[in-house]
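>>> below is the structure, and that's it, no one-letter string:
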């Protein structure tokens with residue numbers, strides 16, 4: 001096990017919520033462009049906020065490792 005493996009895992013874990021944030025932002029864009037129910041946008045916004053929190057926690061873990 002190399003010294004970089006724990007850091008690589010933390011970076012991977014931080015990318016996962018960023019990918020979910022991007023997907024949900026795309027969903028909001030589609031909702032707004034296609035006059036879909038605003039409830040779908042609200043669900044996506046909640047997911048974005050939750051994933052931002054998760055990403056922040058992952059970044060803090062990376063920061064704590066230095």
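Right, received. Where do you want to start? Note that the structure is a prediction, hence the values are computed from the model and not measured.
>>> in the chain, which spans are strands?
Applying DSSP state E to the chain gives no strands.
>>> shaky segments in it?
Scanning the chain for pLDDT under 70 picks out 1-3, 66.
>>> how much space between the residue nearest the centre of it and residue 32?
Compute the mean C-alpha point of the chain, and by Cα atoms, centre = their mean the closest residue is residue 17, 2.4 Å away. For residue 17, the distance to residue 32 equals 22 Å [Cβ to Cβ, to the nearest Å]. Where C-beta positions appear, they are placed from N, C-alpha and C, glycine not excepted.
>>> how about residue 16?
Distance check for residue 16 against residue 32: by Cβ to Cβ, it reads 25 Å.
>>> same question for residue 26.
As judged by Cβ to Cβ, residue 26 and residue 32 stand 11 Å apart.
>>> show me what contacts the residue nearest to the centre of the chain?
51, 52, 54, 55, 58 (Cβ atoms under 8 Å, 6 or more residues apart in numbering).
>>> do that again at 10 Å, thanks
By Cβ atoms under 10 Å, 6 or more residues apart in numbering, the contact set of residue 17 is 47, 48, 50, 51, 52, 53, 54, 55, 56, 57, 58, 59.
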